[in-house]
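J.: I would like to see how this sequence folds:
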Amino acid sequence: EELRKVLGDKQLGMHINSDESMALGAAFHGANVSTAFRVRHVGMADVNPFPISISLNDLEVDGEEGEKKADDGEEPWSKHATLFKALGKVGVKKTIAFTHDSDVFCSIDYEESAFLPEGTESSIERYNVTGIAAFAKEMAEKKLGKPKVSLQFEMSTSGIASLIKAEAVVEENVTIAEEVLCKDDDEDEACQPKEEETKEESAADEKKDEEAASEESTEEKKEDDAGADSDADVEKKDDAEAEPEKKEKKIKKYKTVEKQKKKVHRKALEVKSFHVGRIRPYSAEVMPESREKLNELARKDKERMMLEEAKNKVESYIYQIKNKLVDDEENVNKVTNDKQRKEIKRLADDAEEWMYDDGYDADLPTFEDKYAELSVPFEKILFRLEELEARPAAVESLTKKLGKVEELMTKWETEKPHITEEERKEVLDKVAEVRKWLEDAEKKQKKVRAHEDPAFTSAEVPEQTKDIEALVAKLNRKKAPKPPKEEKKDEEEKPADGEGEGEEKKADDATADAEAPADDK
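T.: The predicted model follows:
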């Protein structure tokens with residue numbers, strides 16, 4: 001309705017929603033302010049809706065400036081003006097100029113406006129502009145006037161006002177000597193040619209004299225030839241006389257005059273900015289404080305998550321207890337007595353009531369204690385319930401494994417004769433020890449009631465065969481000894497004369513040596 005009032009009879013486009021309109025407007029604005037490429041300007045302009053003012057005062061250094069003014073009976077120097085008007089364009093600069101001889105304290109603030117949200121701090125930024133007093137003193141020593149101070153402010157395209165440049169300027173009128181060209185009719189004695197031009201003129205005259213002398217000698221040589229053409233020479237001479245004489249080059253004359261010129265003394269001033277409001281720009285000084293805040297927030301978030309997790313854990317455990325007592329009542333009754341069931345049910349009911357009463361605002365350690373109070377007795381029940389099936393299965397598995405080991409030792413008597421009887425006996429002795437442990441453990445378990453802690457657990461059973469498994473693996477890796485190598489007999493060769501009897505004697509001796517051990521055995 002407000003748009004129709006402004007636009008009049010123009011039809012409003014209703015084909016996009018609010019999110020799309022913001023995205024489209026942002027795209028148009030980005031195209032307008034982009035410096036990377038040019039597009040057709042979209043008829044929209046950004047403005048600063050808030051009026052911004054500037055205040056200038058003398059910069060006090062430990063109260064000295066104020067006391068000095070009070071002693072002199074003068075009012076403190078100050079200026080106030082609107083720097084940027086409401087609904088003004090952004091991306092513009094404005095300069096404030098004034099004459100002053102002391103350092104300046106500058107503040108820019110929001111002015112009271114209907115556009116300014118309620119509760120907004122008026123302070124934007126503060127500046128200490130120094131260097132004016134020192135520059136003014138330097139100029140005073142030269143008997144010059146007070147400096148003219150210029151402060152340049154910018155309203156950025158983001159709508160942020162700031163001081164970007166500060167300088168002081170003093171103009172001095174100085175007298176300088178300057179040479180000026182004299183007019184032709186100027187008869188002032190001060191008009192004199194420059195020394196360079198005088199030298200050039202003298203050199204030109206000398207050159208002309210030399211050329212004239214050269215021409216005279218040439219004419220004397222040609223006098224004899226000139227008689228025949230006397231008439232022609234007379235005509236040429238008349239023509240030469242008729243020609244106008246060449247104009248002599250004028251000598252420029254100068255005189256020295258005094259002129260007044262302005263000399264500008266310029267001084268860049270030092271600007272130190274700071275903020276006094278709650279909201280301040282980020283800086284290196286604020287970084288440690290920000291990190292501490294972020295770490296504290298992260299710690300609180302972690303504690304909150306851990307607390308919520310602890311609450312859910314306790315609540316779900318309460319329902320787990322109640323459901324287990326009802327859904328698996330038959331098996332639970334096998335490992336508990338009536339007193340234990342009533343106690344665990346009472347703990348679950350009390351914990352549920354506590355959660356929605358005193359435990360609503362409880363901290364993390366309290367919930368952890370409540371979980372331990374519930375889990376310790378109930379976990380024992382669950383453990384006994386689990387062992388009800390796991391322990392017999394573990395005993396059965398152990399018995400089968402021991403039987404297999406005994407069968408393996410019997411088999412090795414023939415398949416692995418290199419494993420000695422003592423080594424096999426060591427294995428069988430360990431098997432007997434495990435069988436003895438299992439027999440004693442089962443006797444103790446028979447004496448334990450179902451609702452009491454078991455005499456041994458299913459986890460202890462497989463541990464008993466570790467030594468046996470290590471020993472069997474070691475013997476299994478034992479290699480059989482290599483068989484003795486057979487000596488190859490050389491083919492019999494026919495003995496030479498006189499050597500037959502000696503060879504036969506050696507063979508008989510070797511046979512006797514080979515048979516002797518066999519007889520001993």
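
J.: can you report phi and psi for the residue nearest to Gln192 when sequence neighbours are not counted?
T.: Among residues not flanking Gln192 along the chain, Lys253 sits closest, at 6.0 Å (Cβ to Cβ, 6 or more residues apart in numbering). For the C-beta atoms, the positions are set from N, CA and C on the backbone; glycine is no exception. Main-chain torsions, Lys253, degrees, to the nearest 10: phi -120, psi 140.

J.: which strand residues bridge Lys253?
T.: Beta-bridge pairing of Lys253 under DSSP bridges involves Pro193.

J.: how close does it get to Glu179?
T.: From Lys253 across to Glu179, the span is 10 Å (Cβ to Cβ, to the nearest Å).

J.: next one, pLDDT for the nearest residue to Glu423 once chain neighbours are set aside please.
T.: Once flanking residues are discounted, Glu423 sits nearest to Leu475: 5.7 Å by Cβ to Cβ, 6+ apart. Listed pLDDT for Leu475 reads 91.

J.: so Leu475, which state does it fall into?
T.: Of the three states, Leu475 takes helix according to DSSP: H, G, I helix; E, B strand; the rest coil.

J.: hang on, the earlier thing: burial of the residue nearest to Gln192, as a residue count?
T.: 17 (other Cβ atoms under 10 Å).

J.: can you tell me how far it is from Cys191?
T.: Counting by Cβ to Cβ, the gap from Lys253 to Cys191 is 4 Å.

J.: now for these two: what residues contact both?
T.: Cys182 (Cβ atoms under 8 Å, 6 or more residues apart in numbering).

J.: can you pull the buried residues of the longest strand along the chain?
T.: The longest strand of the chain (DSSP state E) is strand 161-181. Burial within strand 161-181, assessed by neighbour count using 16 or more other Cβ atoms under 10 Å, is assigned to 161, 163, 166-168, 170.

J.: just stretch 139-152 next, same as before
T.: Neighbour-count burial for stretch 139-152 flags 139, 144, 146-147, 149, 151 (criterion: 16+ other Cβ under 10 Å).

J.: pull up the distance across it, start to finish.
T.: By Cα to Cα, to the nearest Å, the extent of stretch 139-152 from end to end equals 23 Å.

J.: circling back: which of the buried residues of stretch 139-152 sits closest to Phe37?
T.: Proximity of the buried residues of stretch 139-152 to Phe37 (Cβ to Cβ) peaks at Leu151, which lies at 35.0 Å.

J.: picking up where we left off before, give the contact list for the residue nearest to Gln192.
T.: For Lys253, the contacting residues are 181-182, 186, 191-193, by Cβ under 8 Å, 6+ apart.

J.: if we use 6 Å, what do you get?
T.: 182, 191-193 (Cβ atoms under 6 Å, 6 or more residues apart in numbering).

J.: quick one: least confident of the residues you listed?
T.: Lowest pLDDT among the contacts of Lys253: Gln192, 72.

J.: quick check: the farthest pair among the buried residues of stretch 139-152?
T.: The widest separation within these (Cβ to Cβ) is 21.0 Å, between Leu144 and Leu151.

J.: now for the helix or strand hosting Arg384, which elements pack on it?
T.: Per DSSP states H and E, Arg384 falls inside helix 364-415. When contacts are defined as 3 or more Cβ pairs under 6 Å, 6 or more residues apart in numbering; DSSP states H and E, helix 364-415 packs onto helix 287-327, helix 329-335, helix 338-355, helix 421-447.

J.: chain center to it, what's the gap?
T.: Distance of helix 364-415 from the chain centroid (Cα atoms, centre = their mean, to the nearest Å) equals 53 Å.

J.: one more: stretch 468-483?
T.: That offset, for stretch 468-483, works out to 62 Å (Cα atoms, centre = their mean).

J.: buried sites along that stretch?
T.: Neighbour-count burial for stretch 468-483 [16+ other Cβ under 10 Å]: 468, 472, 475.

J.: residues in contact with it?
T.: 418-419, 423, 427, 430.

J.: how close does the closest residue to Thr457 other than its chain neighbours get to Pro481?
T.: Leaving aside its chain neighbours, Thr457 sits nearest to Glu387 (6.1 Å; criterion: Cβ to Cβ, 6+ apart). Noted for Glu387: a distance of 49 Å to Pro481, by Cβ to Cβ.

J.: and what of Arg126?
T.: Separation of Arg126 from Pro481 (Cβ to Cβ): 100 Å.

J.: do the same with Lys443
T.: 46 Å.

J.: what do you get for Leu388?
T.: Taking Cβ to Cβ, one finds Leu388 at 52 Å from Pro481.

J.: residues in contact with Glu407?
T.: Contacts of Glu407 (Cβ under 6 Å, 6+ apart): none.

J.: any chance you could map the strands in the stretch 1-150 of the chain?
T.: Assigned by DSSP state E, counting those that start in this stretch, the strands in the stretch 1-150 of the chain fall at 47-48, 52-58, 78-84, 88-89, 92-99, 104-110, 123-130, 148-155.

J.: can you put those in JSON lines and add mean pLDDT?
T.: Listed next are the strands of the stretch 1-150 of the chain as JSON lines, based on pLDDT from 0 to 100:
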{"stretch": "strand 47-48", "mean pLDDT": "89"}
{"stretch": "strand 52-58", "mean pLDDT": "94"}
{"stretch": "strand 78-84", "mean pLDDT": "93"}
{"stretch": "strand 88-89", "mean pLDDT": "90"}
{"stretch": "strand 92-99", "mean pLDDT": "94"}
{"stretch": "strand 104-110", "mean pLDDT": "95"}
{"stretch": "strand 123-130", "mean pLDDT": "94"}
{"stretch": "strand 148-155", "mean pLDDT": "95"}
